[in-house]
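Q: below are the sequence and a predicted model for it; my questions follow.
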Amino acid sequence: MRTVEEIKAAIEAAVPDAGVTLVMNPSPAAQHSLLLQPEKAVAVATFLRDSPELAFDYLSNVTGVDWLDKEIAEKVKVTKSVTKTVDGVEQTVDETVEETQKRVEPGYLEAVYHLYSVALKDGPLVIRMRTANRTDKIEMPSLTPVWRGAEFQEREVFDLYGIVFAGHPDLRRILMWDGFKDHPMRKDYVEPDDFEYEPTAHDEVLKRAQERQASRD
């Protein structure tokens, strides 16, 4: 099998401005992956499938990942004006001090695809795409036109995580019912205190509802 670095180089040679990023996996498995830019993803996927040297003709699975907003603390050096008394005289001088500053890195949703080459007995190759955020920019291109096996699996990711796959031939819920709100696999998903099909809370649902009501009081 070609290394993921070699595959990345082949993509960049074949697809202009592909913008592929190598995502390292520090675990013992060391299953590194390639992050695709959404605007180039279909072209890259088509190349991976059609290239005789790669021939990734089989998509085994598609999964979703939810990455929440992350607060990052960084130490930075800043220059401040301070007043000091020198020989009985107050002076304003500039001093460089180190401060801890916090910033929030926006979260995003991710779709991860595992590819194999049946023809060359090769794989897996892991490719992924990310949304701009978790709220109003949650769209990415469907890869169903490239690998038909993505159809039901992208529907599942849409249903459970909320990623909107542009160009999907039949994007609708596959596990939850049509009127269901929210996406159950998101990390901040909160189960309701009752359910449409079982509107009277009881057992664990009743206990959860009582605890939530107590926290509001």
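A: Yep, that arrived.
Q: domain map for the chain?
A: Per automatic domain parsing, the structural domains of the chain span 4-67+108-186, 70-104.
Q: Throw those into a markdown table and include mean neighbour count, thanks.
A: C-beta here means a position set from N, CA and C on the backbone, and glycine is covered the same way. Listed next are the domains of the chain as a markdown table, based on neighbours: other CB atoms under 10 Å:
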| stretch | mean neighbour count |
| --- | --- |
| domain 4-67+108-186 | 17 |
| domain 70-104 | 9 |
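Q: mean pLDDT added to those, as a markdown table?
A: Shown next, in a markdown table, are these (pLDDT from 0 to 100):
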| stretch | mean pLDDT |
| --- | --- |
| domain 4-67+108-186 | 96 |
| domain 70-104 | 82 |
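Q: switch the ones you listed over to a markdown table; also include distance to Ala214.
A: Below are the domains of the chain laid out as a markdown table (distance: least, CB to CB, whole Å):
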| stretch | distance to Ala214 |
| --- | --- |
| domain 4-67+108-186 | 23 |
| domain 70-104 | 29 |
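Q: show me the strands in the chain, by range?
A: 21-23, 33-35, 58-67, 70-86, 89-105, 108-117, 122-130, 139-141, 164-166 (DSSP state E).
Q: and Thr168, how far is that from Ala150?
A: Thr isn't right for residue 168; it's His. Going from His168 to Ala150 by CB to CB, to the nearest Å gives 8 Å.
Q: common neighbours of the two, please.
A: 142, 144 (CB atoms under 8 Å, 6 or more residues apart in numbering).
Q: ok so, going back, compare the strands of the chain and give me the one nearest Asp203.
A: strand 58-67 (27.9 Å; CB to CB).
Q: which elements pack onto the closest one?
A: strand 108-117, strand 122-130, helix 150-161 (3 or more CB pairs under 8 Å, 6 or more residues apart in numbering; DSSP states H and E).
Q: 10 Å instead?
A: Packed against strand 58-67 by the contact rule (3 or more CB pairs under 10 Å, 6 or more residues apart in numbering; DSSP states H and E) you find helix 38-50, strand 108-117, strand 122-130, helix 150-161.
Q: the second one to helix 38-50, inter-axis angle?
A: Here strand 108-117 runs at an angle of 10 degrees relative to helix 38-50 (axes from the mean of the first three to the mean of the last three CA atoms, to 10 degrees).
Q: angle of strand 108-117 against helix 150-161?
A: Going by the same axes, to 10 degrees, strand 108-117 makes 160 degrees with helix 150-161.
Q: mind checking how far strand 108-117 is from the chain centre?
A: The chain centroid and the centroid of strand 108-117 are separated by 10 Å under CA atoms, centre = their mean, to the nearest Å.
Q: please save the CA atoms from it in CSV.
A: C-alpha atoms of strand 108-117 as CSV (Å, rounded to 0.1, in the frame of the first residue of the first chain):
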residue,chain,number,x,y,z
TYR,A,108,-17.3,21.8,14.0
LEU,A,109,-18.9,18.6,12.7
GLU,A,110,-16.8,16.0,10.8
ALA,A,111,-17.6,13.2,8.4
VAL,A,112,-15.1,10.4,8.2
TYR,A,113,-14.9,8.0,5.2
HIS,A,114,-13.0,4.7,5.1
LEU,A,115,-11.9,3.6,1.6
TYR,A,116,-10.5,0.3,0.2
SER,A,117,-9.3,-0.8,-3.1
